[in-house]
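Participant: what's the 3D shape of this:
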Amino acid sequence: MLGAAVLELTGSSTPGIGDLYAMLQPVFFGVFFYLTEQTMRKHPGQGLPITALQVWACAAVAFGWTGIDHHGLPDLANLATELSTNWKFDLALGWCGIMSTAVILVLETIALGKLSSSETAVVFSSEPIWAVAFASLFIGETVGQNDVIGGALIIFACLFRVTDLEAAKKKLGIGSK
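Facilitator: Coordinates of the predicted model:
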């Protein structure tokens, strides 16, 4: 969470509600991984149906959030017009829906059927680092000192989680007399 805080809260703008949501993201991902792991243990081999339910849940929450945020349901007629006339919008929406949501959820669910939620969380905790890297490569975002510090904290947390501290102490000769 400290790495996410450095990435999220050290910009030039005043922190807002979106920053709070981003700060809670590691907690919610942890809960999500744990619950998915438990479900996969109860229903092995059911990764695709479980993922389908997760995608439907994401869509329902997004649709509901949009309704709350805009004080009513979205204007589906305008959305249909936007979809048919703006290929960049279509491409972005398709990428987010298919790659960033459905494919990632399938991979996470399958991984959670084979690994523990804590092991899987280590891998997926690096997502903010990849987001910064791709933003830098594809849309010209600059990588600043806070990005490097936040990313380093996330990597340190991942390494700390998978490191056997007792074995490391023995190798370094720490604590032995």
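
Participant: so Pro15, which of the three states?
Facilitator: For Pro15, the reduced secondary structure class is coil; criterion used: DSSP: H, G, I helix; E, B strand; the rest coil.

Participant: and what of Val106?
Facilitator: Under three-state DSSP, Val106 falls in the helix class.

Participant: from Ala52, how far off is it?
Facilitator: Relative to Ala52, Val106 is positioned 9 Å away (C-beta to C-beta, to the nearest Å). Quick note: C-beta positions are derived from backbone N, CA and C, even for glycine.

Participant: same thing with Leu165?
Facilitator: 40 Å.

Participant: and the residue sitting nearest the centre point of the chain, backbone torsions?
Facilitator: Closest to where the C-alpha atoms of the chain average out (C-alpha atoms, centre = their mean) is Glu127, at 5.7 Å. Taking degrees, to the nearest 10, you get phi -60, psi -40 for the backbone angles of Glu127.

Participant: just the pLDDT at it, thanks.
Facilitator: Glu127 carries a pLDDT value of 72.

Participant: over to the one 5 residues further on?
Facilitator: The confidence metric pLDDT takes the value 77 at Val132.

Participant: any idea of the pLDDT on the closest residue to His43 other than its chain neighbours?
Facilitator: Distances taken as C-beta to C-beta, 6 or more residues apart in numbering place Ile50 nearest to His43, at 6.8 Å, with adjacent residues excluded. Confidence at Ile50, expressed as pLDDT, is 88.

Participant: Ile50: neighbour count?
Facilitator: Here the number of neighbours of Ile50 (other C-beta atoms under 10 Å) works out to 19.

Participant: who touches the helix or strand containing it?
Facilitator: For Ile50, the enclosing helix or strand under DSSP states H and E is helix 47-69. Outside of helix 47-69, the residues within contact range by C-beta atoms under 8 Å, 6 or more residues apart in numbering are 36, 39-40, 43, 73-74, 101-102, 105-106, 109-110, 113.

Participant: try 6 Å
Facilitator: For helix 47-69, contacts defined as C-beta atoms under 6 Å, 6 or more residues apart in numbering pick out 39, 73-74, 101-102, 105-106, 109-110, 113.

Participant: what of stretch 105-121?
Facilitator: Taking contacts as C-beta under 6 Å, 6+ apart, the residues outside stretch 105-121 that touch it are 30, 33-34, 36-37, 40, 47, 50-51, 54.

Participant: and what of stretch 134-141?
Facilitator: Applying C-beta under 6 Å, 6+ apart, the contact partners of stretch 134-141 are Val143.

Participant: can I get it in PDB, CA atoms only?
Facilitator: Written as PDB, here are the backbone C-alpha positions of stretch 134-141 (Å, rounded to 0.1, in the frame of the first residue of the first chain):
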ATOM      1  CA  PHE A 134       3.100   1.100 -20.700                       C
ATOM      2  CA  ALA A 135       1.900   4.700 -20.200                       C
ATOM      3  CA  SER A 136       5.500   5.900 -20.600                       C
ATOM      4  CA  LEU A 137       6.100   3.800 -23.800                       C
ATOM      5  CA  PHE A 138       2.800   4.300 -25.600                       C
ATOM      6  CA  ILE A 139       1.400   7.700 -24.600                       C
ATOM      7  CA  GLY A 140       4.500   9.500 -23.600                       C
ATOM      8  CA  GLU A 141       4.000   9.800 -19.900                       C
END
